[in-house]
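1. Okay, here's the prediction I keep looking at, along with the sequence it came from:
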Amino acid sequence: MRLMVLTLLLGVFGGEVYGGKLNFVVVISDDQDWRDNGCYGNKVVRTPNIDGLAKEGMRFTHAFTSTGMCAPSRSMLYTGLYPVRNGAYPNHSKVKAGLKSLPHYLKKAGYRVVLAGKKHIGPAKNFPFEYMGLGGASKFLKEVGDTPFCLIVATNDPHVPWKKNKIYDVKKIDVRPNLVDTPETRAALADYYTDITVMDGVVGDVLNGVKENGHEGDTVFIYTSDQGAQFPFGKWTCYDAGLRVPFIVRWPGVISGGSVNDAMIHFVDVVPTLLELAGVKGVKGLDGKSFAGVLRGERKEHRDEVYGIQTTRGIIDGSKSYPIRSIRTRRYQLILNLQAEAKFVNVLITRNKRYWGSWVARGVGGDAKAKRLVDWYQKRPRIEFYDLKLDPNQLRNLAGEEKYARTIEAMKGRLFAWMKEQGDEGIATELLAKERKGRKQKSGKKNRKRDGG
């Protein structure tokens with residue numbers, strides 16, 4: 001209460017507090033399913049700091065990235081442009097020369113703009129952050145003083161390799177319907193949850209740093225993830241488990257604690273939102289649009305639909321070419337597998353000797369569900385269509401049902417129009433993926449350590 005009164009006394013107007021600009025802190029987890037936080041409904045995973053943040057802020061239920069891969073997702077987040085337009089559409093890729101990003105804009109407004117932890121973006125001159133290790137965030141918060149700042153803290157957790165589970169009872173884990181419930185799957189989920197709890201500790205450290213150094217009242221604090229978890233139908237796909245992300249915003253004195261917001265927001269919207277809150281004007285040509293009005297409670301809706309793109313060519317052990325495009329409204333999602341005749345492959349299959357092997361064995365042994373999921377992950381139809389209200393785990397493809405034909409055609413038309421506007425030629429764009437690579441792929445031990453970036 002005292003914090004809220006103090007903030008109101010300072011006053012908020014036009015994105016600034018009297019006596020100085022708003023500060024921003026963004027914590028990004030790595031490969032985390034949006035549902036895998038206590039405040040998003042997971043009753044097993046332990047995320048006390050993220051849950052506490054949700055109690056003090058606004059929890060978005062429909063936040064999205066456009067691609068379930070680290071480098072493209074982060075490039076979108078920092079540029080406000082979709083993957084093909086900014087150039088970083090394959091994994092481990094780089095944006096186009098001359099492209100500007102968040103630090104360019106905020107630095108001109110007098111901000112210090114810092115990225116602590118994981119980078120996975122390039123070239124460096126397109127992202128002129130002050131770079132430091134993850135542990136440097138606490139030191140920065142102590143020294144920054146009254147200078148306005150934007151601090152992005154990017155953890156490597158819960159990206160594989162996951163830490164060995166020592167805290168979770170595998171018997172209590174709820175295995176979702178789009179995964180095969182084997183002992184190996186449960187063990188992997190327990191390790192993944194362990195890494196989430198470690199990441200939650202980082203969120204807690206940053207929250208404490210903001211509070212202890214007197215920045216809490218004038219700081220907009222955001223927590224999110226770059227994309228879904230490295231399980232089948234998550235990362236490297238356009239399903240909800242790949243593109244839907246957790247997104248919580250705390251803004252003392254403006255956002256009521258414990259708020260839940262259903263507005264559809266997108267990673268490309270973050271840059272224009274922060275620029276509006278910082279009072280930065282005149283930036284044109286972004287794909288995103290500010291949702292500051294949603295944060296202030298001035299409106300409830302933001303987007304009617306969001307788009308997805310998966311470039312499989314060039315990922316570790318990936319298919320030679322397997323482009324995927326998608327469009328999602330609040331209720332429906334249309335997915336186009338543009339080379340459905342090919343086989344979808346990635347490192348999850350080729351180097352996963354744990355749970356994936358147990359799925360295959362179950363399928364071979366006569367388990368119909370296991371066989372269906374194994375087959376579906378690797379070989380999909382050209383068109384997939386899902387009613388997300390009735391089928392949130394996307395287990396029933398409705399593309400062949402006549403009653404959805406008009407909706408599918410309408411959504412397909414909007415998806416193709418978006419692709420054209422972005423300069424996305426589908427298969428042709430996929431085949432040029434390796435020209436956008438930021439670093440060479442190697443098959444050695446160092447590259448295996450972080451399977452796929």
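-> All right, it came through fine.

2. Identify the spatial nearest neighbour of R372, chain neighbours not counted.
-> Excluding the flanking residues, the one nearest R372 by CB to CB, 6 or more residues apart in numbering is G363, at 8.0 Å. Yep, even glycine has a C-beta here, placed from its N, CA and C like the rest.

3. That neighbour: helix or strand, and which one exactly?
-> helix 355-364 (DSSP states H and E).

4. Run through the neighbouring helices and strands of that helix.
-> Applying 3 or more CB pairs under 8 Å, 6 or more residues apart in numbering; DSSP states H and E, we find helix 355-364 packed against helix 183-212, helix 368-378.

5. buried stuff in the longest one?
-> Neighbour-count burial for helix 183-212 flags 184-197, 199-200, 202-207, 209-210 (criterion: 16 or more other CB atoms under 10 Å).

6. Averaged pLDDT, it. What do you get?
-> For helix 183-212, the per-residue pLDDT values average out at 98.

7. Report all helices and strands that that helix contacts.
-> strand 23-29, helix 48-56, helix 136-143, strand 149-154, strand 219-225, helix 355-364.

8. got the angle between the first one and helix 136-143?
-> To tie it back to what came earlier, the one meant is strand 23-29. With axes from the mean of the first three to the mean of the last three CA atoms, to 10 degrees defining the directions, strand 23-29 sits at 170 degrees from helix 136-143.

9. Need the contact partners of strand 23-29.
-> For strand 23-29, the external contacting residues (CB atoms under 8 Å, 6 or more residues apart in numbering) are 74, 77, 118, 148-155, 157-158, 196, 199, 202-203, 206, 210, 215, 218-226, 246, 270, 274, 277-278.

10. Direction included, what does that strand pair up with?
-> According to DSSP bridges, strand 23-29 has the following sheet partners: strand 149-154 (parallel), strand 219-225 (parallel).

11. got the angle for it vs helix 183-212?
-> Strand 23-29 and helix 183-212 are oriented at 170 degrees to each other (the same axes, to 10 degrees).

12. Also the fourth one?
-> Here strand 149-154 runs at an angle of 160 degrees relative to helix 183-212 (the same axes, to 10 degrees).

13. Could I get the CA-only coordinates of strand 149-154 as CSV?
-> In CSV, the C-alpha atoms belonging to strand 149-154 read as follows (Å, rounded to 0.1, in the frame of the first residue of the first chain):
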residue,chain,number,x,y,z
PHE,A,149,17.3,2.2,-17.7
CYS,A,150,16.0,-0.8,-19.6
LEU,A,151,17.5,-4.0,-18.2
ILE,A,152,16.9,-7.3,-20.0
VAL,A,153,17.8,-10.4,-18.0
ALA,A,154,17.9,-13.5,-20.3
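
14. burial of the closest residue to K21 other than its chain neighbours, as a residue count?
-> Take K21 and drop its neighbours on the chain: the residue closest to it by CB to CB, 6+ apart is P148, 4.0 Å away. Around P148 there are 22 other residues, counting by other CB atoms under 10 Å.

15. picking up where we left off before, contacts only, for the residue nearest to R372.
-> 370-375.

16. Rebuild the residues you listed as a markdown table, extending it with neighbour count, distance to K94 and pLDDT.
-> A markdown table is the format used below for these (neighbours: other CB atoms under 10 Å; distance: CB to CB, whole Å; pLDDT from 0 to 100):
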| residue | neighbour count | distance to K94 | pLDDT |
| --- | --- | --- | --- |
| A370 | 21 | 39 | 98 |
| K371 | 17 | 40 | 98 |
| R372 | 13 | 38 | 98 |
| L373 | 21 | 35 | 98 |
| V374 | 21 | 35 | 97 |
| D375 | 11 | 35 | 97 |
